[in-house]
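Participant: Provided below are the primary sequence and the corresponding predicted coordinates.
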Amino acid sequence: MQYALILASVTGVELPAALAYPLQALAWAWSPAVPETLSIECILPHGSSSSIPVSIQRMLFYLAMPFAMLVLFLVVDAFIFRLFPKKQAVAVGLRDKLGGSAMVVCFFFMPSILRSAFGWFACIPIDAPIAAPYAAGAVGSFWLQDPSQLCYQGYHRAWALGLGLPLLLLVCGLLPASIVWVVHNKQRLNDPLFMRHYGFLVRFYKPAYCWLEAAVLMQTAALTAVGVFSYSLRPLQERVMCAALAVCAIALRVFQPYAQSAAGRTMLAGMYCVLLTSLSLWSFTAFREFSPSVAYVLAMGVLLLVLNLAYVVAVVWQIVKMVDWQDVWQKVARAFKAAVACAAGVACAKTHARKQQSCTTAVDGGSPSSRP
């Protein structure tokens, strides 16, 4: 889904309504994982009320969102662990549980983190120097987040080199290198202690491709970079995106790295859907001398919508088949009975307390004429 949103940001043409509206709905539904879709300028301090430019505040908000969600997930995990200590302790320790949750949140928000990391360096040329008597109004490259600010001048240079560069090195360099270093010894894949700590990195892949999580991270980084720097790549951005997706699809088809064949087929089908969508969008601008007709654009939009919906339905159906619904209903029934019993016990306790209080009042607070 995030690849589809990246693809939508690359195209330089207006999408057909049959495709534009579902993508807008997807962006809205996926906004917790893509904070860039939220418009927050109205709540940020402007002008003299803040020494930090609004563009920098916006970028910091985009960076803070994943970490805020990470803290929230860790708090929920810690609460569940404390609430059910015996059941949780049997499966995994608190440190391992929180570490796994941190990695899940990290990879869930990775496209957003990568967009923020690359965004510090996204610059666009506006005007070029021209001969007199004409004069260019804005010569040079300007920061995409603030078109009034020259790239690597003023506050942009300080923030881009002080925060953007270390973040980029961390996400695109240190993190994948750490994954490869952790899983490079394939003999450790049979170690229960290692799998308990790092199994979420390797259990989905064949032993020969245990390092693939790092490759997936770099794949996401490459696609995100094409989306972020699409303004600088024009008019070739659609071709570059198609080439990158084709390489990813061919690699999945040839190497088949997933341990479960069903998971491999699902991932390959999803990559095919994104690749076909990219090729179709490229067809709108591939031949500059020919403008696609309205009927062609509408038909292609409907076709792409049906194709992607079919893929989503197929994935949901695969997930539904994997669930043991009888066990789920039994657990739901037990939880409902426990909740009813708990509510009944609380109600009985309150009624009993009220009765005791009324009896105490009747004994201690009787009328004066009835006293000896």
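Facilitator: All right, it came through fine. Numbering: from 1, shown residues only.
Participant: can we go C-alpha only for contacts and neighbour counts from here?
Facilitator: OK.
Participant: Pull out the buried residues from the strand or helix carrying Ile319.
Facilitator: Using DSSP states H and E, Ile319 maps to helix 294-322. Judged by neighbour count (16 or more other Cα atoms under 10 Å), helix 294-322 contains these buried residues: 297-298, 300-301, 303-305, 308, 311, 315.
Participant: which one of the residues you listed is nearest His184?
Facilitator: Val315 (31.3 Å; Cα to Cα).
Participant: The closest one and Thr266: what is the separation?
Facilitator: Remark: distance between Val315 and Thr266 (Cα to Cα, to the nearest Å) = 7 Å.
Participant: tell me the helices in the stretch 51-200 of the chain, going along the chain?
Facilitator: For the stretch 51-200 of the chain, helices defined by DSSP state H, counting those that start in this stretch occupy the ranges 54-83, 85-91, 94-108, 110-119, 155-159, 165-169, 175-183, 192-202.
Participant: Does the helix holding Ile319 pack against any helices or strands, and if so which?
Facilitator: Secondary-structure packing of helix 294-322 (3 or more Cα pairs under 8 Å, 6 or more residues apart in numbering; DSSP states H and E): helix 17-29, helix 261-283.
Participant: what do you get if the cut-off is 6 Å, keeping everything else the same?
Facilitator: If you count contacts as 3 or more Cα pairs under 6 Å, 6 or more residues apart in numbering; DSSP states H and E, helix 294-322 packs onto helix 17-29.
Participant: pLDDT of the helix it packs on, averaged?
Facilitator: Averaged across helix 17-29, the pLDDT comes to 64.
Participant: Make 43 the first number, not 1, from now on.
Facilitator: OK, 43 is where the count begins now, so the last one is helix 59-71.
Participant: So in the protein, which strand runs the longest?
Facilitator: If you go by DSSP state E, the chain has its longest strand at strand 188-192.
Participant: okay, that one in PDB with CA atoms only?
Facilitator: Taking Å, rounded to 0.1, in the frame of the first residue of the first chain, the C-alpha atoms of strand 188-192 are listed here in PDB:
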ATOM      1  CA  ASP A 188      10.100  26.000   1.500                       C
ATOM      2  CA  PRO A 189      10.400  27.400  -2.100                       C
ATOM      3  CA  SER A 190      11.500  30.700  -0.700                       C
ATOM      4  CA  GLN A 191      14.700  29.200   0.800                       C
ATOM      5  CA  LEU A 192      17.800  28.600  -1.200                       C
END
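Participant: List the contacts of it.
Facilitator: If you take Cα atoms under 6 Å, 6 or more residues apart in numbering as the criterion, strand 188-192 is touched by 183-185.
Participant: Most neighbours among those residues, which one?
Facilitator: Phe184 (23 neighbours; other Cα atoms under 10 Å).
Participant: Relative to Trp201, how far out is the residue nearest to that one when sequence neighbours are not counted?
Facilitator: Leaving aside its sequence neighbours, Phe184 sits nearest to Leu192 (Cα to Cα, 6 or more residues apart in numbering; 4.4 Å). Going from Leu192 to Trp201 by Cα to Cα gives 13 Å.
Participant: neighbour-wise, which of these two wins?
Facilitator: Taking other Cα under 10 Å, Leu192 and Trp201 do not tie; Leu192 has more neighbours (21 against 14).
Participant: From Leu340, how far off is the more buried one?
Facilitator: 40 Å.
Participant: do Ala263 as well
Facilitator: 32 Å.
Participant: For Leu212, see how far away Thr266 is.
Facilitator: In terms of Cα to Cα, Thr266 sits 16 Å off from Leu212.
Participant: Between the two, which is the more surrounded one?
Facilitator: Taking other Cα under 10 Å, Thr266 and Leu212 do not tie; Thr266 has more neighbours (27 against 14).
Participant: buried set for the helix or strand containing the more buried one?
Facilitator: Using DSSP H and E, Thr266 sits within helix 254-270. For helix 254-270, the neighbour count (16+ other Cα under 10 Å) marks 254-256, 259-270 as buried.
Participant: what's the answer for stretch 208-215, then?
Facilitator: Quick answer for stretch 208-215 (16+ other Cα under 10 Å): 209-210, 213-214.
Participant: And for stretch 310-326?
Facilitator: So, applying 16+ other Cα under 10 Å, buried residues of stretch 310-326: 310-326.
Participant: Report the backbone C-alpha coordinates of it in CSV.
Facilitator: Taking only C-alpha atoms (Å, rounded to 0.1, in the frame of the first residue of the first chain), the coordinates of stretch 310-326 have been written out as CSV:
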residue,chain,number,x,y,z
LEU,A,310,5.2,-11.1,-6.2
ALA,A,311,1.6,-10.4,-7.2
GLY,A,312,1.7,-7.2,-5.2
MET,A,313,4.9,-6.1,-7.0
TYR,A,314,3.3,-7.0,-10.4
CYS,A,315,0.2,-4.8,-9.5
VAL,A,316,2.4,-1.8,-8.6
LEU,A,317,4.6,-2.4,-11.7
LEU,A,318,1.5,-2.6,-14.0
THR,A,319,0.1,0.6,-12.4
SER,A,320,3.4,2.4,-13.0
LEU,A,321,3.6,1.3,-16.6
SER,A,322,0.0,2.4,-17.2
LEU,A,323,0.7,5.8,-15.7
TRP,A,324,3.8,6.1,-17.8
SER,A,325,1.7,5.4,-20.9
PHE,A,326,-0.1,8.7,-20.3
